[in-house]
Every structure is written in C-alpha cells, then in structure tokens.
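S.K.: coords please:
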Amino acid sequence: MRQTAGMSPMEIGQVRTVLTGRVRPYTRPGSTSAIDKAPRTGAVAVGPLGLEGDEQADLRVHGGQDKAVHCYPWSHYAHWRTTLPAAASAVLRQPGAFGENFSMEGVTEGEACIADRWQVGTALLEVSQGRQPCWKLNERFGVPDMARRLQESTRSGWYLRVLQPGEVRAGDAVRLLARPWPEWTLARLLGLIADRNCDPGVLAEVLRLPLPPSWQRLFARRLENGQVEDWTSRLQGARRD
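M.R.: Model prediction:
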C-alpha cells in the first residue's frame, strides 16, 4: 500500500495507553533510567523532544528528536509471557514493561514502515527508526539475555519524531497520512541488523532511505567495511561494580 500526502487518512490502530517516567537510580551502582513508566490520564502534550513529563537518563543514546516517542505493541506481551521464565511475568502484567510511551493496538513492526506519517490526537508524528534494545532490559526482566532476545525477535518497538506538536491521550486513533516507503517495514530493517546482513546491494538500497543519522552510520559502516558492529556494550553493558 502506498499513501501520499493529500490522500484521505486511514485508521490503522490505536494508542492503548500513554506512559511517561522520570529518571531514577537503576540496578547498578551509578546507573539511572526512566524505563519505569506509568500510565497517564487525560491529554498529554507532545513536542519535539517527546511527551510532557517524560525523561531519559542517557541522552547519548536515548531521547532527542529522532527518538521522541517510543512505541511498543501490546500484542507482543502475549508472546513474551509464553517464552520468558515465570519470574519475568510480573513485569508483563500491564503496559510499560519495555519503557514505551505508547502502548499500541493494531500496529506492529511488520505493519509500520520507515517514514510513515501519523496523526495521533492533534499531533503529527513520523516513524523514524526501530529500537535497538540495551542491557537495562536484561535487569528489568531478570533475564540475562533479554535485550538479545528482543533484537533477534524483531519485536523491539520503534520511535517517532514529532513533526507538529499537539496533545495525545489513551484511546486516540492512529491515522496513516503518508507511506512513502511501503516495502521497508521496520521488521525488515530490524531483521537486517539482527541477521548481520552485509550484502552490498541491500545496504546500498537501505542507504537511500530517509534514515536517522545513527542508522545511516550503522549501515554505511557495514557497506564500507563488510563487517557487523560490536553489540557487546549495548546488549550487556559495562559493569562498574
């Protein structure tokens, strides 16, 4: 399906829950995180750097205009409940387990495409990139390889940038306004990363997409070097204790 600006909006899903969180001390000495997010009621303002009342701990890798709003599909929770140890199920009782701002209904990585434009509430949003999970998920779930599991499954969620500030609330419809790259779903792009794909032809095609700088660098280095980036620090973290 190809939609361009000016066509009638198409409802593709719904924001089940809107969540925000503040930075707090985390599991390791000296570490902090805002991954523990709580549901919001009523209208929540959203601007270029995200939702009012939401914070990010490490601004080198979280937050910013290309990662203003984090989305995660509620439908994935059923998968994780059946594949994770029983002890991890407590985290999955309600939305927010993955640090998401929008718990999504009806849209997954397989249906969202890079550069999709969405109307949610009074805000205009754009799909900017998929999430590359980090070690903090390992400790949140008590599963040593949780971040790697998320990456390999491509059920990692994604980010939105804010093209027009506005207000959003739980229950808002997600209306697709434009889909310039229907062949490039987030699942496909996340799969290239997880599968260590270094095919020059594929990478050259990917680099023609409107990628954020971090993904431009990732795929450009693979094309240049024919090698995959080291994920150790991101997936496992550097212990300070």
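S.K.: I'd like to know which elements the helix ranked longest in the chain is packed against.
M.R.: In the chain, taking DSSP state H as the definition, the longest helix is helix 213-225. If you count contacts as 3 or more Cβ pairs under 8 Å, 6 or more residues apart in numbering; DSSP states H and E, helix 213-225 packs onto helix 186-194, helix 200-206. All C-beta atoms are positioned from the backbone trio N, CA, C, and that covers glycine.
S.K.: dump the residue contacts of Leu150.
M.R.: Residues in contact with Leu150 (Cβ atoms under 8 Å, 6 or more residues apart in numbering) are 98, 133, 137, 156.
S.K.: distance of Val23 from Asp36?
M.R.: Using Cβ to Cβ, to the nearest Å, Val23 is found at 10 Å from Asp36.
S.K.: related to what we said a few turns ago, okay, the helices and strands packed on helix 213-225, which one's buried deepest?
M.R.: helix 186-194 (a mean of 21; mean count of other Cβ atoms under 10 Å).
S.K.: could you give the mean pLDDT of it?
M.R.: With pLDDT averaged residue by residue, helix 186-194 scores 98.
S.K.: Could you number the chain from 213 rather than 1 from now on?
M.R.: Noted, 213 is the first residue going forward, which turns the last one into helix 398-406.
S.K.: Would you give the sheet partners of the helix or strand of the chain at the bottom of the mean pLDDT ranking, along with the direction of each?
M.R.: One helix or strand of the chain scores below all others by mean pLDDT, DSSP states H and E: strand 236-237, with a mean of 86. Strand pairing for strand 236-237, using DSSP bridges, gives strand 244-245 (antiparallel).
S.K.: Among the contacts of Leu362, which pair sits farthest apart?
M.R.: Leu349 and Ser368 (9.4 Å; Cβ to Cβ).
S.K.: pLDDT value on the residue positioned nearest the centre of the chain, please?
M.R.: Geometric centre of the chain, nearest residue: Trp370, 2.2 Å, by Cα atoms, centre = their mean. Model confidence at Trp370, given as pLDDT, is 98.
S.K.: for Cys346, same thing?
M.R.: pLDDT at Cys346 comes out at 93.
S.K.: For Arg381, see how far away it is.
M.R.: Plainly put, Cys346 is 29 Å away from Arg381 if you go by Cβ to Cβ.
S.K.: These two: which is more packed in?
M.R.: Between Cys346 and Arg381, counted using other Cβ atoms under 10 Å, the more crowded position is Cys346 (22 against 16).
S.K.: Now that the more buried one has come up, it's in contact with Gln363, right?
M.R.: No - Cys346 is beyond contact range of Gln363, at 9.8 Å (criterion: Cβ atoms under 8 Å).
S.K.: Mind listing the shared neighbours of the two?
M.R.: Here Cys346 and Gln363 have Leu447 as joint contacts, going by Cβ under 8 Å, 6+ apart.
S.K.: Would you mark the buried spots in stretch 351-359?
M.R.: Buried positions in stretch 351-359, judged by neighbour count with 16 or more other Cβ atoms under 10 Å: 351-353, 355, 358-359.
S.K.: In the protein, where's the longest strand?
M.R.: Secondary structure of the chain per DSSP state E: the longest strand is strand 222-232.
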